[in-house]
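*Asks:* Predicted model, plus sequence, below.
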Amino acid sequence: MKKICVIGNGLHATQNIIPSLKEIGVSISAIASEYLKDEDTFDGIKSYSNYKDMLESEKPEIVVLCKTAEKQYEIAKYCLNFGIEKLFVEKPMGMNVREAKELEELAKKNNSKVMVGFMKRYSPCYQKMKEIINKAKFGKVKQFNAEFYITSGRTGWTNEIFLKKGGIHFVNILLWLFGEVEQVKTYSNSIDNNVSLTSLIKFKNGVVGNINFVGLTSWKGKRERITITGENGYVYNDSVREIHYHLDQNITTSNRWQTIDEEENVIKPYLTSASGGLQDLYLHGYIYEMDEFINNDNYDSENVATMELIDLILEGIEE
């Protein structure tokens, strides 16, 4: 296997990305962070305090970049100019459309493969939802309703920063499910770092719907749900742990309220005493995402399209 190095040792890297790499059998050659010491070890991995020194010394073919959003643009740019063959960048890759396009073009110029960390595409929940809405029995998708609620209190989390750091996964998943966007209108009830947005979106394939973005102290946990309605069925999820769906059976019995023949199927994982913390990494899609990045080259995260849709959501605000 080619040499793999990691840049970043924050909470997301140590709790999600590095354990996922280890779960798929990846041996990490070195890790770099300004919070580490040279020639020391971090979780048994050789460490560097400067990522440039690590790249020069280790000369990896593959790099996994997981730093704060504001730092990733410059680091990703350096990695691509260095000649890294495959680069994973945690979302967002660039804080605006210009940066996103520049990095995409730089990757093409240097013949590098870049994957952006939109792990929800690899979650079994959303994979199954997409499979269901693509069934002929489901019929043409007509409408959706999406909710993404998390707590507030983060300094500087305006509408823009909330969407680019928090809600970006849901923006990306809508593109993955429904394709190109035609029109967006947004209503805002946000004040400072208390975010309350509702966007009405029409896709080019005719699908219409709304997505609610909330960052308020009332939501100490997290809620994510998408309800998708087709001509002959519906499907909705409860976070990444449960899916409910119905496909109409075209039963013609009159007075159907007199009997029991309407079916709603429920899909969920088994819980066992051996599930451990890895269950979250599988269900949220991190492990499948890392496996796709390491072992395949056919990924396209639509990073630029995601940043463009965020701009449309922000530009379409009618307060």
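*Replies:* Cool, the structure landed.
*Asks:* after the worst-scoring helix or strand of the chain on mean pLDDT comes which helix or strand?
*Replies:* Ranked by mean pLDDT, DSSP states H and E, the helix or strand of the chain with the weakest confidence is strand 41-42, at a mean of 88. With elements assigned by DSSP states H and E, the helix or strand that comes after strand 41-42 is strand 45-48.
*Asks:* Model confidence for the closest residue to T229 other than its chain neighbours, exactly?
*Replies:* Residue nearest to T229 in three dimensions, not counting chain neighbours: Q143, with 4.7 Å by C-beta to C-beta, 6 or more residues apart in numbering. In short, each C-beta sits where N, CA and C put it, glycine included. Note on Q143: pLDDT of 98.
*Asks:* show me the contacts for the spatially most central residue of the chain.
*Replies:* Centroid-nearest residue in the chain, with C-alpha atoms, centre = their mean: F118, separated by 2.8 Å. By C-beta atoms under 8 Å, 6 or more residues apart in numbering, F118 lies in contact with K91, I168, H169, N172, I173, W176, E289, S301, N303, T306.
*Asks:* Who are the packing partners of the helix or strand hosting the fifth one?
*Replies:* What that stands for is I173. Element membership for I173, per DSSP H and E: helix 168-178. Helices and strands touching helix 168-178, by 3 or more C-beta pairs under 8 Å, 6 or more residues apart in numbering; DSSP states H and E, are helix 124-133, strand 141-150, strand 208-215, strand 222-230, helix 303-315.
*Asks:* Apply 7 Å and report the result again.
*Replies:* strand 141-150, helix 303-315 (3 or more C-beta pairs under 7 Å, 6 or more residues apart in numbering; DSSP states H and E).
*Asks:* Excluding its own residues, what touches it? List them.
*Replies:* 91-92, 118, 120-121, 126, 130, 146, 148, 163, 203, 205, 207, 211, 224, 302, 305-306, 309-310 (C-beta atoms under 7 Å, 6 or more residues apart in numbering).
*Asks:* Make a PyMOL selection of whichever of the residues you listed turn out to be buried.
*Replies:* Here is the PyMOL selection string for the buried members of those, based on 16 or more other C-beta atoms under 10 Å:
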select buried, resi 91+92+118+120+121+126+146+148+163+203+207+211+224+302+305+306+309+310
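*Asks:* For F178, see how far away G233 is.
*Replies:* 16 Å (C-beta to C-beta, to the nearest Å).
*Asks:* So which of these two has more stuff around it?
*Replies:* Each of G233 and F178 has its neighbours counted (other C-beta atoms under 10 Å); F178 has more, 21 against 18.
*Asks:* hey, C-alpha coordinates of stretch 212-222 in PDB?
*Replies:* Taking C-alpha atoms only, stretch 212-222 is exported to PDB below (Å, rounded to 0.1, in the frame of the first residue of the first chain):
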ATOM      1  CA  ASN A 212     -35.000  24.100   7.900                       C
ATOM      2  CA  PHE A 213     -31.600  25.000   9.300                       C
ATOM      3  CA  VAL A 214     -31.600  25.700  13.100                       C
ATOM      4  CA  GLY A 215     -28.800  26.600  15.400                       C
ATOM      5  CA  LEU A 216     -30.400  27.500  18.700                       C
ATOM      6  CA  THR A 217     -29.800  26.800  22.400                       C
ATOM      7  CA  SER A 218     -33.100  24.900  22.500                       C
ATOM      8  CA  TRP A 219     -31.500  22.000  20.600                       C
ATOM      9  CA  LYS A 220     -28.800  20.700  22.800                       C
ATOM     10  CA  GLY A 221     -28.500  17.500  20.800                       C
ATOM     11  CA  LYS A 222     -29.000  17.200  17.000                       C
END
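*Asks:* Quick one: mean pLDDT for that stretch?
*Replies:* 89.
*Asks:* in the stretch 51-200 of the chain, which spans are helices?
*Replies:* For the stretch 51-200 of the chain, the helices defined by DSSP state H, counting those that start in this stretch cover 51-58, 69-82, 97-109, 124-133, 159-165, 168-178.
*Asks:* Name the residues of the helix or strand hosting F293 that are buried.
*Replies:* F293 is located in helix 286-295, with elements delineated by DSSP H and E. Buried residues in helix 286-295, defined by neighbour count with 16+ other C-beta under 10 Å: Y286, I287, Y288, E289, M290, D291, E292, F293, I294.
*Asks:* correct me, but the first one touches I18?
*Replies:* No. Taking C-beta atoms under 7 Å as the contact criterion, Y286 and I18 are not neighbours in contact, 10.2 Å apart.
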